[in-house]
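1. A structural model of the following input is requested.
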Amino acid sequence: MIVILGVSQGLLIFNTVIIILLLVWLLTWLFQYWRRNHYATVLDEDEFQKGIRKAQVIDLRQENEFKAGHILGARNLPYIYLRQQYGELRPDLPVYMYDQGMAISTQAAAFLGKHGYHKLYILKGGYNSWDGKTKKAKY
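-> Reported below is the predicted structural model:
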């Protein structure tokens, strides 16, 4: 009887921990979703391509990822540098941004939104879902 209670109590603790972790993950996901939609507009690939010529297109990935392939016309400004060099972006022009997924773009949109940028757009699914024209470094 003692062994059964020990296993049941262990399973109860394990299940409680799993439920807490799932709740934390869900709350984090909801917060990021709210943040993304509060500061930026998420565009699908077609909408992104339509506005690309009138916008500042920023690739937030690291330089080696950018050289491996990026959206044609994009400028590489990794997020860690964006926080220092955001003044190089024009606040009167739309800022189209992307990363591998959408996590870093969400952080960048929140940062830029707090610094007076209002025309912020994120590529839905990031570079991973891009099927349009790309460019790769020759070396």
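
2. Helices of this structure, start to end?
-> 2-39, 45-51, 63-68, 79-85, 103-114 (DSSP state H).

3. May I see the buried residues of the least confident helix or strand in the chain by mean pLDDT?
-> Every helix and strand in the chain was compared by mean pLDDT, DSSP states H and E; the lowest is helix 2-39, with a mean of 84. Judged by neighbour count using 16 or more other C-beta atoms under 10 Å, the buried positions of helix 2-39 are 36, 39. In short, each C-beta sits where N, CA and C put it, glycine included.

4. which other helices and strands contact that helix?
-> Applying 3 or more C-beta pairs under 8 Å, 6 or more residues apart in numbering; DSSP states H and E, one finds that helix 2-39 contacts helix 103-114.

5. elements contacting the helix it packs on?
-> By 3+ C-beta pairs under 8 Å, 6+ apart, helix 103-114 packs against helix 2-39, helix 79-85, strand 95-98, strand 120-123.

6. That helix: how far from the chain's middle?
-> 8 Å (C-alpha atoms, centre = their mean, to the nearest Å).

7. Stretch 90-100 too?
-> Counting by C-alpha atoms, centre = their mean, stretch 90-100 is centred 12 Å from the centre of its parent chain.

8. Ends of that stretch, what's the gap?
-> 24 Å (C-alpha to C-alpha, to the nearest Å).

9. pLDDT on it, on average?
-> Stretch 90-100 shows a mean pLDDT of 96.

10. Could you list the residues in contact with it?
-> Here stretch 90-100 makes contact (C-beta atoms under 8 Å, 6 or more residues apart in numbering) with 40, 43, 48, 51-52, 54-61, 65, 71, 74, 79, 89, 105, 108-109, 112, 116-123, 126-128, 130.

11. Same question for stretch 123-132.
-> 42-45, 48-49, 59, 61, 69-72, 96-102, 105.
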